[in-house]
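Turn this into a structure:
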Amino acid sequence: MVDFSRRWSAKAEIPTNRLIVWLGVARSKFYAWIGRCGKANEHNGLIPRDFWLESWEQEAIIRFALDHPLEGYRRLTFMMLDRDIVAVSPSSTWRVLAKAGLLKKWNRKNSAKGNGFVQPLRPHEHWHIDVSHLNICGTFYYLCSLLDGCSRFIVHWEIREQMTEQDVEIIVQRAKEKYPEARPRIISDNGPQFIAKDFKEFIRLSGMTHVRTSPYYPQSNGKLERFHATIKGECIRPGVPLSLDDAPRMVEKFIAHYNNVRLHSAIGYVAPVDKLSGREQEIFKERDRKLEAARELRKTKRLRAPSANPMLSQKDNTAPSESLLQTARLSISN
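Residues are numbered from 1 along each chain as shown. Presented below is the predicted three-dimensional model:
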């Protein structure tokens with residue numbers, strides 16, 4: 001920068017002070033560069049500070065730590081201080097041992113909290129169950145739902161005035177009767193219905209397994225939590241059911257739409273019933289085919305446009321474009 005400024009200042013006959021302002025360099029910084037120009041770069045700390053640890057002190061800390069492998073770095077610090085081995089602070093001991101790689105044994109296994117469950121690859125491997133509250137005409141009722149973790153399909157649901165452990169067992173049994181061959185893993189929170197001994201025995205006799213999420217961590221059951229938020233926001237609150245008899249009709253209609261029509265973002269924007277039946281790959285291929293057909297149509301129209309081939313007249317260009325458009329429409333519809 002110093003040589004550049006000097007060369008162009010002399011060539012353009014512009015004062016250096018003005019040139020460096022145009023370059024956006026402060027005058028103090030520029031003249032500091034002039035003072036250092038031609039000198040080798042050196043570390044700022046030419047003289048070690050008095051409180052920096054010397055090499056023999058670091059070696060003494062490491063040897064003492066190896067002789068006492070079961071002690072923590074704080075206890076090691078005060079043991080060395082009492083035995084006149086070396087006088088350092090606990091933080092200095094920690095830095096020396098960390099640099100030497102002697103603190104790895106204190107590292108605990110990373111918590112799996114927040115990672116969620118291993119995602120199921122097939123339907124009916126995981127069934128998420130949860131109980132939520134619905135405000136119907138100022139009275140709170142219970143909504144219990146079972147959701148398939150792979151397809152996001154609502155396997156079964158019921159609205160009840162109470163939700164005891166026996167009620168949950170009945171709901172799970174009715175869901176299992178719809179798919180008698182399924183042996184899912186039931187995933188629930190730590191509600192009183194799911195920690196009861198009778199529910200554990202019911203799960204065992206049904207040939208299923210049960211796992212509870214971490215306490216105070218509803219994200220572990222987030223798939224069903226998200227569904228309950230959706231049904232409240234898109235069905236119950238806008239629809240305003242007038243009675244307990246009216247609410248099941250509204251919920252049944254919404255869940256039918258949710259399972260069979262509504263495209264779910266978490267499974268590639270296909271309906272849960274298509275994911276449940278294994279048709280998602282067929283749908284993806286059909287979408288790719290339609291997109292490719294549309295691209296080929298646009299490419300052909302560009303090539304046949306008058307700007308691409310001036311020899312073609314406007315009349316000659318219109319007829320084949322319309323026919324190609326009709327062909328592409330038939331291809332997409334089929």
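
can you pull out the strands in the stretch 51-200 of the chain?
According to DSSP state E, counting those that start in this stretch, the stretch 51-200 of the chain carries its strands in the segments 126-136, 139-148, 154-160, 185-188.

how much space between the residue of the chain positioned farthest from its centre and residue 3?
When each C-alpha in the chain is compared with the mean C-alpha position (C-alpha atoms, centre = their mean), residue 13 comes out farthest, at 60.0 Å. Separation of residue 13 from residue 3 (C-beta to C-beta, to the nearest Å): 17 Å. In this view, the C-beta of every residue, glycine as well, is placed from N, C-alpha and C.

repeat for residue 39
Applying C-beta to C-beta to residue 39 and residue 3 gives a distance of 14 Å.

what's the answer for residue 29, then?
16 Å.

of these two, who's got more company?
Each of residue 29 and residue 3 has its neighbours counted (other C-beta atoms under 10 Å); residue 29 has more, 11 against 8.

for that one, helix, strand, or coil?
helix (DSSP: H, G, I helix; E, B strand; the rest coil).

Tell me who's in contact with the spatially closest residue to residue 121 that is not a sequence neighbour.
Among residues not flanking residue 121 along the chain, residue 150 sits closest, at 6.9 Å (C-beta to C-beta, 6 or more residues apart in numbering). Contacts here follow C-beta atoms under 8 Å, 6 or more residues apart in numbering; on that basis residue 150 touches 119-126, 275-276.

and with 7 Å instead?
120-123, 125-126, 275 (C-beta atoms under 7 Å, 6 or more residues apart in numbering).

again, but for residue 208
183-186.

Which of those ranks first by neighbour count?
Most neighbours among the contacts of residue 208, by other C-beta under 10 Å: residue 184, with 27 neighbours.

Residue 306 looks like it's in a helix, true?
No - applying three-state DSSP, one finds residue 306 to be coil, outside a helix.

Just give the number of residues close to it.
Count around residue 306 with other C-beta under 10 Å applied: 13.

With residue 155 instead?
Using other C-beta under 10 Å, residue 155 has 25 other residues around it.

Can you tell me how far it is from residue 124?
Residue 155 is 8 Å from residue 124, by C-beta to C-beta.

What residues sit buried inside stretch 260-271?
Residues of stretch 260-271 classed as buried: 262, 264, 267, 270-271 (neighbour count, 16 or more other C-beta atoms under 10 Å).

one step back: just give me the closest of the contacts of residue 208 to residue 55.
Ranked by distance to residue 55 (C-beta to C-beta), these are led by residue 185 at 57.6 Å.

Apart from its chain neighbours, what residue comes closest to the closest one?
residue 209 (4.8 Å).

contacting residues for the residue nearest to residue 58 when sequence neighbours are not counted?
Spatial nearest neighbour of residue 58, excluding adjacent residues (C-beta to C-beta, 6+ apart): residue 96 at 5.1 Å. Going by C-beta under 7 Å, 6+ apart, residue 96 touches 53, 58, 61-62.

mind putting those in CSV, pLDDT, neighbour count and distance to residue 140 included?
Converted to CSV, the contacts of residue 96 look like this (pLDDT from 0 to 100; neighbours: other C-beta atoms under 10 Å; distance: C-beta to C-beta, whole Å):
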residue, pLDDT, neighbour count, distance to residue 140
53, 86, 17, 65
58, 91, 19, 66
61, 93, 26, 63
62, 93, 16, 64
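
Filter those down to just the ones in helices.
58, 61-62 (DSSP state H).

what does the helix or strand encompassing residue 230 contact?
Taking DSSP states H and E as the criterion, the element that holds residue 230 is helix 222-231. In this structure, residues lying in contact with helix 222-231 by C-beta under 7 Å, 6+ apart are 128, 130, 132, 145, 147, 149, 152, 218, 251, 254.

swap in stretch 11-29?
In contact with stretch 11-29 (C-beta under 7 Å, 6+ apart) are residues 5-6, 8-9, 30.

Equivalent analysis for stretch 246-259, please.
Outside stretch 246-259, the residues that reach it (C-beta under 7 Å, 6+ apart) are 134, 136, 153-154, 157, 159, 231, 234-235, 239, 241, 272-273.
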